[in-house]
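A.B. asks: Predicted model follows, preceded by the sequence.
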Amino acid sequence: EAGVAQSPRYKIIEKRQSVAFWCNPISGHATLYWYQQILGQGPKLLIQFQNNGVVDDSQLPKDRFSAERLKGVDSTLKIQPAKLEDSAVYLCASSLAGTRNNEQFFGPGTRLTVL
Amino acid sequence: GDSVTQMEGPVTLSEEAFLTINCTYTATGYPSLFWYVQYPGEGLQLLLKATKADDKGSNKGFEATYRKETTSFHLEKGSVQVSDSAVYFCALTRSNFGNEKLTFGTGTRLTIIP
């Protein structure tokens, strides 16, 4: 079974530029998560989708971050404009459904460096 | 709000040593508890989990027991190997109208020396 796919794996941009990350979850997984992992910290949830609807985006900096999940499958996370403090690894995860104790499967992440 | 506190790292041990990585949590209700592992160059993987008090999760020789009285979920392994070198994250989920986000600790980097 294929795992969660993410691209690109690495991205370097200058501040105030825009960037987009892509995630393809495991087939059949209705729930998709985007986490931000700053160096030396644990991952922090940015946004959670159930199919193509948003369940939780309370920690998403909506003035610069946006995310969508077209047709309830792939998802894109965008940052516009980027700030230095956005340098982090962006992790995508998916699970079968938002029910208690369902395992979340993580992709390899996209490492973003903002100069 | 929910939080997870992990033992500060990095931790360096010799092969075959006994390992303990401490984890305590703060959460209302009855959270589920997890240990995730991140090997070099790879994504996060679930190592083990426990869903209620006194449950013991185990996998690959690692164990952790859900202790509600001490709000802890310490990770242990009796004899570590070089291949166990990785970053270990303690985490919890608390059901909230279908929101199953993971709240993570800061991670503990483990290095095993041959």
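C.D. replies: Perfect, I can see it now. Note that this is a predicted model, so its numbers are computed, not measured.
A.B. asks: Correct me if wrong: B:Ser3 contacts B:Cys23.
C.D. replies: No. Between B:Ser3 and B:Cys23 there is no contact under CB atoms under 8 Å: 11.2 Å. Just so you know, the C-beta spots here come from the backbone N, C-alpha and C atoms, and that holds for glycine as well.
A.B. asks: Where does B:Trp35 fall, secondary structure wise?
C.D. replies: strand B:32-38 (DSSP states H and E).
A.B. asks: Direction included, what does that strand pair up with?
C.D. replies: Partners of strand B:32-38 in the sheet, by DSSP bridges, are strand B:44-50 (antiparallel), strand B:86-93 (antiparallel).
A.B. asks: Could you list the alpha-carbon positions for that strand in CSV?
C.D. replies: Extracted C-alpha coordinates of strand B:32-38, given in CSV (Å, rounded to 0.1, in the frame of the first residue of the first chain):
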residue,chain,number,x,y,z
SER,B,32,-5.4,8.3,24.1
LEU,B,33,-1.6,8.3,24.3
PHE,B,34,0.9,7.6,21.6
TRP,B,35,4.6,7.3,20.9
TYR,B,36,5.8,8.2,17.4
VAL,B,37,9.3,7.6,16.1
GLN,B,38,11.1,9.5,13.3
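A.B. asks: Show me what A:Val54 is bridged to.
C.D. replies: Beta bridges link A:Val54 to A:Phe49, judged by DSSP bridges.
A.B. asks: burial measure for it, as a count.
C.D. replies: Neighbourhood size, A:Val54 [other CB atoms under 10 Å in any protein chain shown]: 13.
A.B. asks: Would you confirm that it contacts A:Ile47?
C.D. replies: Yes. Taking CB under 8 Å as the definition, A:Val54 is a contact partner of A:Ile47 at 6.5 Å.
A.B. asks: on that earlier part again, which one of B:Ser3 and B:Cys23 has more residues nearby?
C.D. replies: For the pair B:Ser3 and B:Cys23, the greater number of neighbours falls to B:Cys23 (24 against 12), based on other CB under 10 Å.
A.B. asks: So for that one, what's the nearest residue that isn't a sequence neighbour?
C.D. replies: The shortest distance from B:Cys23 to any non-neighbouring residue, by CB to CB, 6 or more residues apart in numbering or on different chains, is to B:Cys90 (3.5 Å).
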